[in-house]
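**Student:** Prediction below, plus the sequence it came from.
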Amino acid sequence: MKRILALLSAFVLTLSLSGCSKGGSETIFDAIKRSSAAKMELPDGSFMYVDSEISSISSFADLELMAAPLEPADEESDWLYRIIFNPSEKVPDADEIMVSFHSKYVQIDTEFYLTTEGVEFESILEWAESKFDYFMG
């Protein structure tokens with residue numbers, strides 16, 4: 001009986017520790033995957049909310065991007081497409097995540113991202129264009 005209790009205690013401790021470690025290592029991409037709604041915006045001011053097909057938009061988190069310490073050449077307002085995951089209008093208790101697509105990089109909140117080696121940035125813009133064409137076209 002003591003052996004069963006010891007095994008059960010070890011199991012509970014293992015679950016507790018793994019739960020703690022997951023919380024600390026969550027990335028912005030994990031948060032995007034869990035988003036329940038998104039607001040898609042174009043520079044002309046038009047926008048659309050997406051919630052029922054959010055998995056199509058949250059697939060952004062699967063694109064091959066890596067953080068880059070760069071100072072972009074264009075202005076912060078020179079974006080081509082923008083997606084706000086968990087917009088406060090639809091998901092009031094969640095943190096908004098703003099993703100803006102620029103001609104040569106992606107900005108997520110205040111961080112800049114480029115494609116990984118061997119991946120053309122044009123493929124990222126094609127992904128965004130196809131999503132915007134589908135939802136807003």
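**Tutor:** Structure's in. What do you need? From a predicted model like this one, the values you see are computed outputs, not experimental measurements.
**Student:** which stretches of the chain have low pLDDT?
**Tutor:** 1-24, 72-76 (pLDDT under 70).
**Student:** Centroid-nearest residue for it?
**Tutor:** Nearest to the mean C-alpha position of the chain, by CA atoms, centre = their mean, lies Ile32 at 3.2 Å.
**Student:** Just give the nearest non-adjacent residue to that one, would you?
**Tutor:** Taking CB to CB, 6 or more residues apart in numbering as the measure, Ile32 lies nearest to Ala61, with 4.2 Å between them; neighbours along the chain are not counted. Any C-beta I mention is one placed from the backbone N, CA and C, and that applies to glycine too.
**Student:** Next: Trp79.
**Tutor:** Setting aside the residues directly before and after it, Trp79 is nearest to Ser100 in space (CB to CB, 6+ apart), at 3.9 Å.
**Student:** Would you confirm that that neighbour contacts Arg82?
**Tutor:** Yes - shown here, Ser100 and Arg82 form a contact pair, counting by CB atoms under 8 Å, at 4.6 Å.
**Student:** can you pull out the strands in this protein?
**Tutor:** Counting by DSSP state E, the chain has these strands, from start to end: 38-41, 47-50, 65-67, 81-85, 97-101, 106-108, 111-115.
**Student:** Nearest to Ser25, out of these?
**Tutor:** In this view, those are compared for proximity to Ser25 by CB to CB, and strand 65-67 is the closest at 15.0 Å.
**Student:** for the closest one, packing partners?
**Tutor:** Judged by 3 or more CB pairs under 8 Å, 6 or more residues apart in numbering; DSSP states H and E, the packing partners of strand 65-67 are strand 111-115.
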